[in-house]
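1. sequence first, then the predicted structure:
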Amino acid sequence: MLPACTDPATLEGLPWLLCYLTTGKHLSLYWAVGTVLLLLAITAPAAMAFGFGGAVAARSGVLPLRWLGKGYIAIVRGVPDIAFFLFFVIALDQGIEYLRHRIKCPDWDQPVRQGSDFLVCDVAKMPLGNAPQWVHETYGFALAVLTFAIVFGAFAANVLYGAMRAVPRAQVETAEAYGMTRGQTFRRIVVPQMWTYALPGLGNLWMILIKATPLLFLLGVEDIVYWARELGAAKTSRFTDYPHPDWRVWYFLALLVFYLVFTRLSEIVLARLSARASHGQATAAGERLRRAGANAGPH
């Protein structure tokens, strides 16, 4: 808080607004924006790793591995995101605590399941009850990243699987005729060319991931939507030094602008990536680039 904001009752106009926007709760809102951006920065490559692994497994020649890859894609894509978020996080958290409980408390003689309660010894809890607040927040954030990565990794796997199948079969057969192994053909022919087919679908998935970040509240993470609703609600002088009427419409309007600007920047980056991936490829996008280059040349 700024030094001039020690007595909000003496402020009005722009100074009041500046002091209001630098309160501790507003700093939590700004921190939540950073949390969302960090989530996207970590989740996107993690989801791509899950997606690539799922796509490779789905097209594997080993039957159990192929079943695993196709099962992962079908199950996660078929379950509503909210239901998966609620179920998976609870199941994962309890699974970790149960394993720790079996290791750290072998002499425990009470059932872990007692009706609707899940009880483990204190040293098995994740995180520990006496752990600092930042440990609890980091643990919740890690669960959020893993859950987002698994969910959107399944959709990415479906996109990448289709992109791999879209690479012309003639090019694969030509590589095999030159003596390349299956692995070499995959690395040198299929993977470099699949991106031009995959990027439109992956771009749409990135946009959906951005819009799905408000689901963080289901995982106990205080995101920007939570703080916009909390700060924008009407406040009286009895509960705050900065009383104001219901301003939620303005807070949510600011969120609207934030998401629109972010998605627009994403569209620009994705368009450049798509143009780069299509350069020299035997696709419609690559043909457009070739013709554009030919038309821009000397006459």
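-> Yep, it's here.

2. list the contacts for the residue positioned nearest the centre of the chain?
-> In the chain, the residue lying closest to the centroid (Cα atoms, centre = their mean) is Thr43, at 4.2 Å. Going by Cβ atoms under 8 Å, 6 or more residues apart in numbering, Thr43 touches Val145, Phe148, Ala149, Phe152, Leu209. (Glycine included, C-beta is placed from N, CA and C.)

3. out of the residues you listed, which sit inside helices?
-> Val145, Phe148, Ala149, Phe152, Leu209 (DSSP state H).

4. show me where this structure has helices.
-> 13-20, 24-58, 63-78, 81-104, 133-166, 169-177, 182-185, 191-212, 224-232, 248-278, 284-296.

5. isn't Ala212 up against Ala144?
-> No: Ala212 lies out of contact with Ala144 (Cβ atoms under 8 Å); the separation is 10.9 Å.

6. who's more crowded, those two?
-> Between Ala212 and Ala144, counting by other Cβ atoms under 10 Å, Ala144 is the more crowded of the two (24 against 16).

7. the closest residue to the more buried one other than its chain neighbours: how many residues sit nearby?
-> Leaving aside its chain neighbours, Ala144 sits nearest to Leu219 (4.5 Å; criterion: Cβ to Cβ, 6 or more residues apart in numbering). By the criterion of other Cβ under 10 Å, Leu219 has 18 neighbours.

8. distance of Leu219 from Ile90?
-> Leu219 is 10 Å from Ile90, where distance means Cβ to Cβ, to the nearest Å.

9. ok, Ala74 next?
-> 22 Å.

10. cool, and Ala55?
-> In terms of Cβ to Cβ, Ala55 sits 28 Å off from Ile90.

11. picking up where we left off before, make JSON lines from the ones in helices among the contacts of Thr43 and add distance to Gly24, pLDDT and neighbour count to it.
-> Below are these laid out as JSON lines (distance: Cβ to Cβ, whole Å; pLDDT from 0 to 100; neighbours: other Cβ atoms under 10 Å):
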{"residue": "Val145", "distance to Gly24": "26", "pLDDT": "87", "neighbour count": "19"}
{"residue": "Phe148", "distance to Gly24": "28", "pLDDT": "88", "neighbour count": "25"}
{"residue": "Ala149", "distance to Gly24": "32", "pLDDT": "91", "neighbour count": "22"}
{"residue": "Phe152", "distance to Gly24": "33", "pLDDT": "91", "neighbour count": "24"}
{"residue": "Leu209", "distance to Gly24": "30", "pLDDT": "89", "neighbour count": "21"}
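
12. look up phi and psi at Gly115.
-> phi 70, psi -120 (degrees, to the nearest 10).

13. quick one, what contacts it?
-> With Cβ under 8 Å, 6+ apart, Gly115 has no contacts at all.

14. same question for Ala254.
-> Counted by Cβ under 8 Å, 6+ apart, Ala254 has contacts Ala228.

15. how close does it sit to Ala212?
-> The gap separating Ala254 from Ala212 is 19 Å, by Cβ to Cβ.

16. what's the answer for Ala166, then?
-> Relative to Ala212, and taking Cβ to Cβ, Ala166 is found at 26 Å.

17. can you check Cys105 too?
-> For Cys105 relative to Ala212 (Cβ to Cβ), the value is 37 Å.

18. again with Ala275
-> Counting by Cβ to Cβ - Ala275 and Ala212 are separated by 27 Å.

19. which ones are touching Arg59?
-> Per Cβ under 8 Å, 6+ apart, neighbours of Arg59: Arg66, Gly69, Tyr161, Met164, Arg165.
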